[in-house]
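**Student:** Fold the following and give me the result.
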Amino acid sequence: MVETTRRQAIEDAASALFHTHGYSGTSVRDIARAVDIQGASLYAHVTSKQDVLWSIVEQTASRFEAAADGIETADPSGATFGRGVYLIALIRAHVGVVTDDVERASVFVHEWRALQGSRREEIARRRDAYEDRFRTVIQDGVRSGAFHAVDPVATAAFLLTALNGLVGWYKPGGRLSARAIADTYADLALRAVQSPRIQP
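**Tutor:** Sure, this is the predicted structure:
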């Protein structure tokens, strides 16, 4: 339990530092100082700064995937959710993960490219697969006539760029609640893709 708590504290401190200063701008000494231990002692709990980054990014990737999986599990065929409602659900799920832990989400969005070798390749693959969920629902909406004839790849990139931009300005307890942000982004997304003859 003590080891788990210490590891969690290290990752929390690293998330805050990576969020503020970036991965390259944060040293092992910075992380150790943030958790009030000697730099060399940090290696009793983690193998490297790269290991800490991997843990943060991989766990956050899993949270985004699980949130989207929850939608698909609730309606695997898409029969109950229309394409517009399913897109809204994806957007709400994404906003929920970001606003629940904006520092870790920021590290995932901005610092994953600092991963090395097979770890970077894995996250790149998982990010592409996650984005493909948005592309697919947009493509299905276009085919059914529920959405304008938008380009699914460009539109998915547009939506995810906006959603991921939250890590740069969202603050818990700020003017807009997480729910208000999700409502606003969902409304803007539908306005961007939905055919005029289809009511939201």
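**Student:** okay, CA-based contacts and neighbour counts for the rest of this
**Tutor:** OK.
**Student:** Identify all contacting residues around stretch 23-31.
**Tutor:** Ile10, Ala13, Ala14, Leu17, Phe18, Gln38, Gly39, Leu42, Lys49, Leu53, Glu111, Ala114 (CA atoms under 8 Å, 6 or more residues apart in numbering).
**Student:** can you do 10 Å?
**Tutor:** Residues from elsewhere that reach stretch 23-31, judged by CA atoms under 10 Å, 6 or more residues apart in numbering: 9-21, 33-34, 36-40, 42-43, 48-50, 53, 107, 110-115.
**Student:** can you check stretch 109-116 too?
**Tutor:** 18-19, 22-24, 50-51, 53-54, 56-58, 60-61, 98, 103-107, 119-124, 127, 161, 164-165, 167.
**Student:** swap the cut-off to 7 Å and go again
**Tutor:** Gly22, Tyr23, Gln50, Trp54, Val57, Arg120, Asn164 (CA atoms under 7 Å, 6 or more residues apart in numbering).
**Student:** so how far is that stretch from its chain's centroid?
**Tutor:** Distance of stretch 109-116 from its chain centroid, counting by CA atoms, centre = their mean, to the nearest Å, is 13 Å.
**Student:** and Leu17, how many neighbours?
**Tutor:** Neighbour count of Leu17, defined by other CA atoms under 10 Å: 20.
**Student:** re earlier: quick check on the contacts of stretch 109-116: which are buried?
**Tutor:** Gly22, Tyr23, Trp54, Val57, Arg120, Asn164 (16 or more other CA atoms under 10 Å).
**Student:** Select from those every entry located in helices.
**Tutor:** Residues of these located in helices (DSSP state H): Trp54, Val57, Arg120, Asn164.
**Student:** What residues does the second one make contact with?
**Tutor:** Translated: Val57. Counting by CA under 7 Å, 6+ apart, Val57 has contacts Val107, Phe108, Trp112.
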